[in-house]
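[1] Curious how this folds, go ahead:
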Amino acid sequence: ADPSESDAMSDNDNFRTRLLETYPVTEYELDYLTKFRDFYFDTDSTDFSFSAWLELSSARDTPHAELLKQIETMLLPLDFASTLFETAISKVITLGCDERDKELHTFLEAAVTCLGRRGPKAIIDLVSCCCLEEDARLWIYQLTLASHLLLEQETSEMEIIQKAPDSWTSHNQSFRDWANNVAPQAYTALSTFVHLALFTRDHAFRPSTPPLLLPKLDEKSTILCESKAALDLASSIALMSPNLGGAWHRLHSTDDDGCSFYTMQRALIGYQGPTVILIRSTSGDVFGFSTDCPWKLSTKWFGESSDSFLFAIHPKVALYPATGQGKHYMYLNLPPRHRPQDLKGMAMGGISSDTPRLLVTESFQDCRACSIDMTFASGPILSNDMQAYFDVDVLEIWATGQSLEVFQ
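    Predicted coordinates for the structure are as follows:
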């Protein structure tokens, strides 16, 4: 063999090895992204899109390609793909690269950032640079719906979305603060879409960057389904925690199972896994509690902060994670009449054992929802912060964090 050819092959192998060590990609992804890089730099920005790239591949005639084209045409902002990569590339700083390698290094860094492999902050910063501050939440909403459509391969008629849900925009917070404090999974809307647009859903997600999943209910939900804002509510929930996406199994609903505290109590303690409690008040507020700690009957407070939080999703989205300071996470008890001093009902959060943040009473009336807390971050649960009491219209309990087959 020609020594010069052997040296060239060795150099190429070494270069490829360095790329794989530098960027969190597989060999297949590296080859794919290298070809995608060539397409990006050879294509006019007005013609560049994910669906245009698929037109050149073997996947051009698939339902995925057709759906992606519809999404880019109707759902996402104009010239979304070119804006995204132009911005991502402009933010990359490459040091110590040969000029001939700089273009590839720059593009790969931009690509892994879009795929979420440089962490949440990098994606939120990128979205902030891609659009105006007032449009950033709209981008996240559009990407959330786009990812959901691609994952589920839903081909229902799409509507042009011109604004984010009102419940997302009623905050006096910057986009970055909103993404950090209210929707900590917002970054996965972009990383999930880019993964699906580039590799399709047949290519496995990395464990460190799982997909954004909307709740997938095994039975109807009066709260989530029977609403004009059903998709808004589901999206709001999914952006709060990775544990709230995917399969939901209904354990109890006051609409179908009746307003019996004892029936609800049996449903809670009969399941020893993560749960979400959804409540709609008679005034229309929707809020709840999520925990991975099993419920139990107890005269004392129990639970831990591992992944428990209070939340509101309508008319305003709010997330109240555990502070690590208090220990009043969960309480469930209907004490006998000779112990009237004991707290009665189901409670979450609070400033003391007898002053819960959220209390569901035995009658589901005159329940309590306060803003002050030591265990979870403080803030209003009800839309009227001056109102501390509410009546339950519908209460639902859902098992989460498992595949639906577990519940069959």
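[2] Contact partners for F364?
    F364 makes contact with 254, 259, 261, 391-392, 395 under the criterion CB atoms under 8 Å, 6 or more residues apart in numbering. For every residue, glycine as well, the C-beta is placed using N, CA and C.
[3] Y389 now?
    366-369.
[4] can you tell me which of the residues you listed lies nearest to K121?
    A369 (32.7 Å; CB to CB).
[5] Which pLDDT value belongs to S6?
    Listed pLDDT for S6 reads 56.
[6] Going forward, count from 660.
    In the new numbering, first residue 660, that becomes S665.
[7] Any idea how many residues pack against H807?
    Using other CB atoms under 10 Å, H807 has 23 other residues around it.
[8] show me where the stretch 710-859 of the chain has strands.
    For the stretch 710-859 of the chain, no strands are identified by DSSP state E, counting those that start in this stretch.
[9] In it, where is pLDDT below threshold?
    718, 753-759, 814-817 (pLDDT under 70).
[10] Tabulate the contacts of Y1048 (JSON lines), appending secondary structure and neighbour count.
    As requested, the contacts of Y1048 are exported to JSON lines (DSSP: H, G, I helix; E, B strand; the rest coil; neighbours: other CB atoms under 10 Å):
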{"residue": "D1025", "secondary structure": "coil", "neighbour count": "11"}
{"residue": "C1026", "secondary structure": "strand", "neighbour count": "22"}
{"residue": "R1027", "secondary structure": "strand", "neighbour count": "18"}
{"residue": "A1028", "secondary structure": "strand", "neighbour count": "25"}
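[11] Just flag the most distant two among these.
    Most distant of the contacts of Y1048, by CB to CB, are D1025 and A1028, 11.2 Å apart.
[12] What residues of stretch 932-952 count as buried?
    Along stretch 932-952, these residues count as buried under the neighbour rule (16 or more other CB atoms under 10 Å): 932-940, 944-952.
[13] tell me the helices in the protein, going along the chain?
    Remark: helices assigned in the chain by DSSP state H are 662-681, 686-701, 709-713, 722-729, 739-749, 758-773, 779-789, 795-811, 825-828, 834-840, 846-858, 889-897, 913-916, 920-928.
[14] how about R860, phi and psi?
    The phi and psi values for R860, taken as degrees, to the nearest 10, are phi -80, psi -10.
[15] What residue, apart from its backbone neighbours, is nearest it spatially?
    Nearest non-adjacent residue to R860, counting by CB to CB, 6 or more residues apart in numbering: L810, 5.8 Å away.
[16] Double-check the one you found against L855; I have them as touching.
    Yes - using CB atoms under 8 Å, L810 makes contact with L855 at a distance of 6.7 Å.
[17] which residues are common contacts for those two?
    With CB under 8 Å, 6+ apart as the test, L810 and L855 both reach P870.
[18] out of those two, which sits in the more crowded spot?
    Set L810 next to L855 and count neighbours by other CB under 10 Å: L855 wins out with 24 against 17.
[19] ok, that one - contacts?
    Applying CB under 8 Å, 6+ apart to L855 gives the contacts 806, 809-810, 870.
[20] Against T847, how distant is it?
    Using CB to CB, to the nearest Å, we find L855 at a distance of 12 Å from T847.
[21] now I748
    Using CB to CB, we find I748 at a distance of 22 Å from T847.
[22] So between those two, which is more surrounded?
    For I748 versus T847, the count of surrounding residues by other CB under 10 Å is larger for T847: 28 against 17.
[23] Next up, the contacts around the spatially closest residue to that one that is not a sequence neighbour.
    Once flanking residues are discounted, T847 sits nearest to L871: 4.0 Å by CB to CB, 6+ apart. L871 makes contact with 803, 806-807, 844, 847-848, 850-851, 897-898, 904, according to CB under 8 Å, 6+ apart.
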